[in-house]
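Student: Sequence and computational prediction follow.
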Amino acid sequence: MRRAEHGNEEGPDTGAAYTVMLGWHALVIIVYFVILARQSTLRVRYDNSPFEDMLILGADTAPVLLGTLLAGLFLLRGLLAGRRISSAVVLGTAAASPTFLLVVAATVMHLR
């Protein structure tokens, strides 16, 4: 993997930072599908089943999740250019913060 050079100091591993960020996004999607699989067997009267509700929610949130991925990529690019953080794990996790904010917002809205 390529390392950013700044004078004699070595910067964070950019490939690892991108991998960590994408790993967080993948984890959010995997958890979504696990919840979807658990609720797919439930059926309540003639209303939508939880499975259908999750699919509708997924269709609505997919563009938002894509937007958080793009925001994370731009954020990571800016963080890498700043060269203040030297840990690839911290950089990738910080860049995934828009996704974490989406999960928190969705959870808060669901609990209301």
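Tutor: All right, it came through fine. Nothing here was measured: the structure is a model prediction, and the numbers come from that model.

Student: Low-confidence bits of the chain, can you list those?
Tutor: Of all residues in the chain, those with pLDDT under 70 make up the ranges 1-9, 36-37, 39-51.

Student: now G67, nearest residue through space, not along the chain?
Tutor: In space, and not counting its chain neighbours, G67 is closest to P98: 7.9 Å by C-beta to C-beta, 6 or more residues apart in numbering. (C-beta placed from N, C-alpha, C; glycine too.)

Student: and that neighbour, what does it touch?
Tutor: Applying C-beta atoms under 8 Å, 6 or more residues apart in numbering to P98 gives the contacts G67, T68, A71, G72, L75.

Student: Show the buried residues in those.
Tutor: By neighbour count, with 16 or more other C-beta atoms under 10 Å, these hold T68, A71, G72, L75 as buried.

Student: out of the residues you listed, which are inside helices?
Tutor: T68, A71, G72, L75 (DSSP state H).

Student: Check whether E10 sits in a helix, strand or coil.
Tutor: Following DSSP: H, G, I helix; E, B strand; the rest coil, E10 is assigned to strand.

Student: L22 versus that one, what's the distance?
Tutor: Per C-beta to C-beta, to the nearest Å, E10 is found 22 Å from L22.

Student: how about the helices of this protein, start to end?
Tutor: Using DSSP H, helices in the chain cover 14-39, 50-82, 88-95, 97-111.

Student: At the geometric centre of this protein, which residue sits there?
Tutor: The centre of the chain sits closest to H25, judged by C-alpha atoms, centre = their mean, with a distance of 3.0 Å.

Student: contacting residues for that residue?
Tutor: The contact partners of H25, by C-beta under 8 Å, 6+ apart, come to L65, T68, L69, G72, A96, T99.
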